[in-house]
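Student: Below: sequence and its predicted model.
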Amino acid sequence: MDNALVLNYIRTKYPQLAEKSLQDEIASVGKVITFKSGDIILDIGSYIKSMPLIISGLIKAVREDSEGNEIFLYYLADGETCSMSFTCCLMNKKSEIRTIAEEDTMLISIPSKYMDEWMSKYASWRNWVMKSYELRMKELLKTIDSIAFQKMDERLIAYLQNKAEKLHSKILHTTHQEIAYDLNASREAVSRLLKQLENDHYVVLGRNKIEILTK
DNA sequence: ACATTAATTGTGT
DNA sequence: ACACAATTAATGT
C-alpha cells in the first residue's frame, strides 16, 4: 500500500496536522490521485464527495460567466486545500466553480464522511480547516481587488508573480492566450504588455515560456 | 536533414 | 477587435 507514502507527504506538506492519530487516519482513508495538466478535476454543477489535500503541482479555480468565458479565481498549490470542496461536501451542494489541473498534480483525497468527524476529534484539523478558509478568502479578495482596482498591466504582473510563487518557479510554461483567458483580456493586449515587461527587463519571453527576472 | 504543418506570437489598422 | 504576417516548434518523409 502507499500508506507510508501518504504519511510522508502529510508530514512534509502538512506539518500543521500534527496529531499522530490524525496522520494515521489520513494515511488509511486517503487516496492518492494524480491529474495530468489540463484535466478538469471538478466541474461547475457537479457534486463533491471528497476533499483534496494537494501534494504537488498546481490547480486553477475558475468561474464561468453566462457566455462561457472563464475568469480566474485563485490557484490551489501544494500544502493547500479547496474550501469550496469542504463546504459543498458538508452541505451536499453542487460546485459553484471549476477546478483544472494547471500542471501535473498529485493530491490526497479524503472522503467527506471523515472531514466532519475530524472537526470535533482533532484540534489541529479544525484549526487547519479554519486557516484554509481564511487563506482562500484572502486570495479571493486579492483577485477581486485586481479586477476592480488595477489596470491591466498591474493585473498581469500580479498574475505572473502569483503563479511563479505558487509554482515555486520563476519560469512559467504558458501561452499569451492562456493568460488572456484568465484575465479576460485580448491575447494581443497581453502580448503587448508582456513585450513592454520584457523591454523593462522584468521578464524574458520565449515560445510557451515566460521567465520572471528577480529584482 | 529537409519540407510541411500547426501553434504561437507580432503588427498595422 | 480583426486580419494577416512572421516565427517557432512539432511531425513526417
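Tutor: Good, I have the coordinates. In this text the structure is predicted, and so the values were computed from the model without any measurement.
Student: can you tell me the helix or strand for A:A18?
Tutor: Using DSSP states H and E, A:A18 falls within no helix or strand.
Student: Near A:D200, how many residues? Count them for me, please.
Tutor: Neighbours of A:D200 under the rule other CB atoms under 10 Å: 9. To be clear about C-beta, it is placed using only N, CA and C from the backbone, and glycine gets the same treatment.
Student: tell me the phi and psi of it?
Tutor: phi -80, psi 10 (degrees, to the nearest 10).
Student: now the closest residue to A:Y181 other than its chain neighbours: how far from A:I171?
Tutor: Spatial nearest neighbour of A:Y181, chain neighbours left out: A:E70 (5.9 Å); criterion: CB to CB, 6 or more residues apart in numbering. Separation of A:E70 from A:I171 (CB to CB, to the nearest Å): 24 Å.
Student: more crowded one of the two?
Tutor: Neighbour count, other CB under 10 Å: between A:E70 and A:I171, A:E70 has more, with 15 against 12.
Student: Quickly list what that one is bridged to.
Tutor: Judged by DSSP bridges, the bridge partners of A:E70 are A:E64.
Student: Do I have it right that it meets A:I97?
Tutor: No: A:E70 is beyond contact range of A:I97, at 10.1 Å (criterion: CB atoms under 8 Å).
Student: Now for these two: what residues contact both?
Tutor: Jointly contacting A:E70 and A:I97 under the rule CB atoms under 8 Å, 6 or more residues apart in numbering are A:62-63.
Student: which residues does A:T214 contact?
Tutor: Contacts of A:T214 (CB under 8 Å, 6+ apart): A:K170.
Student: Let me know the secondary structure of it.
Tutor: Following DSSP: H, G, I helix; E, B strand; the rest coil, we place A:T214 in the coil state.
Student: Tell me the confidence at it?
Tutor: Here the pLDDT value assigned to A:T214 is 76.
Student: Low-confidence ranges, chain A, go.
Tutor: A:1, A:215 (pLDDT under 70).
Student: Give me every residue in it lying close to DNA strand C.
Tutor: Residues of chain A lying close to DNA strand C (CB under 7 Å from any atom of the strand) are A:186, A:188, A:206-208.
Student: Could you let me know which of the residues you listed ends up closest to A:D200?
Tutor: Nearest to A:D200 among the residues of chain A next to DNA strand C: A:G206, at 17.0 Å, using CB to CB.
Student: The closest one bridge partners, please.
Tutor: In this entry, A:G206 is beta-bridged to A:K209, by DSSP bridges.
Student: Number of residues surrounding A:T105?
Tutor: 25.
Student: How many residues are close by the nearest residue to it once chain neighbours are set aside?
Tutor: Excluding the flanking residues, the one nearest A:T105 by CB to CB, 6+ apart is A:G57, at 2.9 Å. Counted by other CB under 10 Å, the residues lying close to A:G57 total 21.
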